[in-house]
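A.B. asks: need a 3D model of the sequence below.
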Amino acid sequence: MTPRDTIPCTECNGLFPETDRRSFFRRVGGTAAAAIALGGTASLARAEKAKASEDLVRELFSTLSAEQKKTVVLPWDHVLAAGQRPTRLGMYNAAIKNEKIAAVYTKAQQDLLDKLFRSLCAEGDGYKRLSRGGNFDASGAFTNIGAHIFGDPAEKGKFSLVFSGHHLTIRCDGNSEPGAAFGGPMYYGHTPDGLSEENVFFYQTKAVRKVYEALDEKQRKAASIEGTPGEQFNSVKFRDKHPGLHISEMSKDQKALVEGTMRELLSPFRKEDADEVMEIIKTVGGMEKINLAFYFEEYGDSKNWHFWRLEGPGFVWNFRVLPHVHTFVNIAKLA
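C.D. replies: Reported below is the predicted structural model:
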């Protein structure tokens with residue numbers, strides 16, 4: 001699969017169709033559950049697990065045969081086609097080059113990859129959410145997603161292992177991309193609609209709705225934007241201007257609510273990745289340097305927000321709830 005500006009989604013009737021949104025919008029409303037902050041002190045076992053992620057990549061690499069390396073190990077600056085961004089920085093909706101774990105790796109290596117994937121997830125519900133209940137959405141199973149290594153982990157140089165599947169792109173890169181959270185642009189989603197309790201990211205939708213409900217009329221007007229911010233790479237390019245409501249214009253309680261929601265968004269990921277995101281936010285002046293926006297579209301007699309977006313210097317978190325969850329993220333320190 002090639003990285004591009006739109007991602008064909010197997011459960012969508014075409015590219016991101018607008019069908020069935022009217023009934024979805026009619027369900028919007030009501031009170032939202034309180035946001036749960038990520039916070040807290042990680043246990044020693046969890047800290048060791050997080051530290052082990054990069055070591056697991058090196059262990060996996062050491063077990064690969066020459067034939068396997070021809071398939072799943074690619075140069076650091078590999079591109080799938082001339083003029084495209086490096087393959088390691090793509091956001092994918094299926095296994096890269098359709099090379100699935102089941103077809104490339106031995107059972108022992110598959111077990112090692114499973115351990116690695118789990119090490120990138122937070123304790124508690126982290127694995128359930130990133131694996132979409134263990135089904136990996138339309139991929140159907142962990143072994144149907146892809147796992148490719150870029151660079152050379154054995155030499156302790158730059159490397160990145162990229163897991164890619166339906167509604168999923170996450171990485172383990174040992175900070176080989178300086179200042180880039182998650183090792184580069186990241187993508188996650190789930191097929192059930194974003195207001196359905198069957199969606200594993202429903203808790204994020206509820207937290208976001210609570211932020212909207214906390215705004216007064218003037219703030220809602222500033223935060224509300226007609227149309228769509230787009231998806232995939234077009235939606236996560238860093239810009240000089242950031243539309244929406246500046247968080248500095250919110251009350252202390254509202255700011256705390258936004259920060260709590262930010263931690264909700266980070267809650268599926270291992271603590272060190274979540275901490276890196278919050279550290280990057282600090283370098284640009286904190287959450288007060290970020291704008292929030294709700295993007296509205298009209299469908300028949302219904303109109304409500306379908307995207308929620310946090311955007312600031314070196315920061316984009318683009319969360320779509322309709323017709324199902326798609327989330328595109330790009331966070332990096334800017335020079």
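A.B. asks: for the spatially most central residue of the chain, pull up the helix or strand it's in.
C.D. replies: Most central in the chain under C-alpha atoms, centre = their mean is residue 187, positioned 3.8 Å from the mean C-alpha point. Using DSSP states H and E, residue 187 sits in strand 186-190.
A.B. asks: for that strand, what is the average pLDDT?
C.D. replies: The average pLDDT within strand 186-190 is 97.
A.B. asks: likewise for stretch 254-266?
C.D. replies: Mean predicted lDDT for stretch 254-266 stands at 94.
A.B. asks: ok, back up a step: packing partners of the strand holding residue 187?
C.D. replies: strand 168-172, strand 325-331 (3 or more C-beta pairs under 8 Å, 6 or more residues apart in numbering; DSSP states H and E). Just so you know, the C-beta spots here come from the backbone N, C-alpha and C atoms, and that holds for glycine as well.
A.B. asks: just give me the longest strand of the chain.
C.D. replies: strand 302-312 (DSSP state E).
A.B. asks: same for that strand, what does it pack against?
C.D. replies: Using 3+ C-beta pairs under 8 Å, 6+ apart: strand 302-312 touches helix 21-26, helix 202-214, strand 291-299, strand 315-320.
A.B. asks: for the nearest residue to residue 143 once chain neighbours are set aside, give me its contacts.
C.D. replies: Closest residue to residue 143 apart from its sequence neighbours, by C-beta to C-beta, 6 or more residues apart in numbering: residue 102 at 3.7 Å. Neighbour list for residue 102: 110, 141, 143, 144 [criterion: C-beta atoms under 8 Å, 6 or more residues apart in numbering].
A.B. asks: burial count for the second one?
C.D. replies: Read that as residue 141. 14 (other C-beta atoms under 10 Å).
A.B. asks: from residue 115, how far out is it?
C.D. replies: Going from residue 141 to residue 115 by C-beta to C-beta, to the nearest Å gives 16 Å.
A.B. asks: quick revisit: restricting to C-alpha, output the strand holding residue 187 in PDB.
C.D. replies: Coordinates of each C-alpha in strand 186-190 appear next as PDB, following Å, rounded to 0.1, in the frame of the first residue of the first chain:
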ATOM      1  CA  MET A 186       0.300   8.200  13.800                       C
ATOM      2  CA  TYR A 187      -3.100   6.900  12.800                       C
ATOM      3  CA  TYR A 188      -5.800   5.000  14.700                       C
ATOM      4  CA  GLY A 189      -9.500   4.300  14.200                       C
ATOM      5  CA  HIS A 190     -12.400   1.800  14.600                       C
END
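A.B. asks: tilt between it and strand 315-320?
C.D. replies: With axes from the mean of the first three to the mean of the last three C-alpha atoms, to 10 degrees as the basis, strand 186-190 and strand 315-320 are set at 20 degrees to each other.
A.B. asks: mind showing which ranges of this structure have poor pLDDT?
C.D. replies: The chain contains residues with pLDDT under 70 at 1-51, 299-302.
A.B. asks: how does it divide into domains?
C.D. replies: 21-39+192-331, 44-189 (automatic domain parsing).
A.B. asks: quick one: the first one to chain centroid distance?
C.D. replies: What that stands for is domain 21-39+192-331. Centre-to-centre, domain 21-39+192-331 and its host chain are 13 Å apart (C-alpha atoms, centre = their mean, to the nearest Å).
A.B. asks: relative to residue 171, how far out is residue 183?
C.D. replies: Here residue 183 is placed at a distance of 4 Å from residue 171 (C-beta to C-beta).
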